[in-house]
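Visitor: The sequence and its predicted three-dimensional model are supplied below.
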Amino acid sequence: MQSFQVLQSRVDKKEPDAKIAKTEEETSDKEEEEKSAKPPAGSSKSGWKNWKKKESDGEESKITYCHWLLKSEPESRLEKGVDVKFSVDDLKAQPNQTTCWDGVRNYQARNFLRSMKLGQQAFFYHSNCKEPGIVALVKIVKEAYPDHTQFDQKDPHYDSTSRKENPKWSMVDVQFVRMTKRFIPLSEIKAHHLAHKADGGPLKDMMLFTRQRLSIQPLTQEEFDFVLSLEEEKPH
DNA sequence: GCCAACGTTGGC
DNA sequence: GCCAACGTTGGC
C-alpha cells in the first residue's frame, strides 16, 4: 500500500463535510453504522436530508446504493507540496490497475465509501480540468478499511486529530474495468440534467449537480443506466 | 484566473 | 446557536 501511496493522493478524494461532519464527529464512537445508514437527527442543513428525501419517502434511511461516481483530478496540482494529480491513465499504470482511494476527508463522502460493496461499479470522473467528465468504469475490489494517510504527517491529508485506535477516515480499493466507449463530458450530462428537471427524467436529481462539491457520489440504478447509455450515442 | 457555491471556523 | 469571515472545490 505504501508504495503507490504518493501517486495516488488524488486531490478530489478529500473534502470535509459540513454539518453532518460535525454532528457525526461529535457522536464519535459507535456511530459507524449509523453514519452510513442515516443522518443524525440534528443534521439539518447539509446533504443528508436532501439526499434521503429524494430517494424515497418510506424507508429512505434504508436505501442502499449500488453505483457510484468518483472524482479525481487528472491535471497536476500541488497540495502542501504534493502533486495530487491522478488521472485514469495513472490508475491504469498501477499494479493490477488497482489503487486505494485515500485522502477522502469529508464525512458524507466517507460514509458513502463505507457503504460500498465488493464488485460494485463506479464512474471514474475527471474533475478540475480542461474537460471534466466521465472517462472510465471502475469497480470496488476491497471494502472500506482505515486510510493510512490520515496518520502520515507528510501526507497532504494528514489528520492530527485521528487516532489509530479509532481511525476517522476510511478508504476502499478500486480497480480499472474499462474506458467508456467515449468520453462523456460534464456539459452533456448537465444538459440532460436540466432537461430532466423539466420533464422528470432520470437525471433530475443527480448529485453531480445537486451536491456539486461532493467527491464520492452514489447513483441510482436509473441514473447509472442512463449515463451509461450515453456512451452509445453520438457526441453532440 | 475568476468566481459561485458551499463547507469550516470562531467570536459572541 | 447564530453568523460573518474565511477557505476550498471545481466549472468556466
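Guide: Received, thanks.
Visitor: can we go C-alpha only for contacts and neighbour counts from here?
Guide: OK.
Visitor: where along chain A do the helices fall?
Guide: A:19-27, A:32-37, A:47-55, A:88-92, A:107-115, A:186-199, A:207-210, A:221-229 (DSSP state H).
Visitor: residues in contact with the closest residue to residue A:181 other than its chain neighbours?
Guide: What sits nearest to residue A:181 in space, not counting adjacent residues and going by C-alpha to C-alpha, 6 or more residues apart in numbering, is residue A:231, at 5.5 Å. Contacts for residue A:231 (C-alpha atoms under 8 Å, 6 or more residues apart in numbering) come out as A:180-184.
Visitor: from those residues, which two are the most distant?
Guide: Every pair in these was compared (C-alpha to C-alpha); the two farthest apart turn out to be A:181 and A:184, at 8.8 Å.
Visitor: So between the two, which is more surrounded?
Guide: More crowded of residue A:181 and residue A:184, by other C-alpha atoms under 10 Å: residue A:184, with 22 against 13.
Visitor: ok, what's across the strand from the more buried one?
Guide: Taking DSSP bridges as the rule, residue A:184 bridges to residue A:134.
Visitor: Can you verify my assumption that it contacts residue A:131?
Guide: No - assessed by C-alpha atoms under 8 Å, residue A:184 is found out of contact with residue A:131, at 9.6 Å.
Visitor: For residue A:146, give me its contacts.
Guide: Residues in contact with residue A:146 (C-alpha under 8 Å, 6+ apart) are A:167-171.
Visitor: Looking at the residues you listed, which is nearest residue A:195?
Guide: For the contacts of residue A:146, the closest approach to residue A:195 (C-alpha to C-alpha) belongs to residue A:171, at 34.8 Å.
Visitor: Residue A:129 versus that closest one, what's the distance?
Guide: From residue A:171 across to residue A:129, the span is 24 Å (C-alpha to C-alpha, to the nearest Å).
Visitor: Among these two, which residue is more densely surrounded?
Guide: residue A:171 (22 against 12).
Visitor: quick one: that one and residue A:145 touch, right?
Guide: Yes - the criterion here is C-alpha under 8 Å, and residue A:171 meets it with residue A:145 at 5.6 Å.
Visitor: I'd like the contacts of residue A:231 laid out as CSV, including distance to DNA strand C.
Guide: Formatted as CSV, these follow (distance: C-alpha to the nearest atom of the strand, whole Å):
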residue, distance to DNA strand C
A:180, 18
A:181, 20
A:182, 18
A:183, 14
A:184, 12
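Visitor: Helix or strand with the lowest mean pLDDT in chain A?
Guide: helix A:32-37 (a mean of 32; mean pLDDT, DSSP states H and E).
Visitor: Give the residue spans of chain A that score low on pLDDT.
Guide: Residue ranges of chain A with pLDDT under 70: A:1-62, A:235-236.
Visitor: Apply 80 and report the result again.
Guide: Within chain A, the stretches with pLDDT under 80 are A:1-63, A:234-236.
Visitor: How many residues are close by the nearest residue to residue A:83 once chain neighbours are set aside?
Guide: Spatial nearest neighbour of residue A:83, chain neighbours left out: residue A:77 (5.3 Å); criterion: C-alpha to C-alpha, 6+ apart. Neighbour count of residue A:77, defined by other C-alpha under 10 Å: 16.
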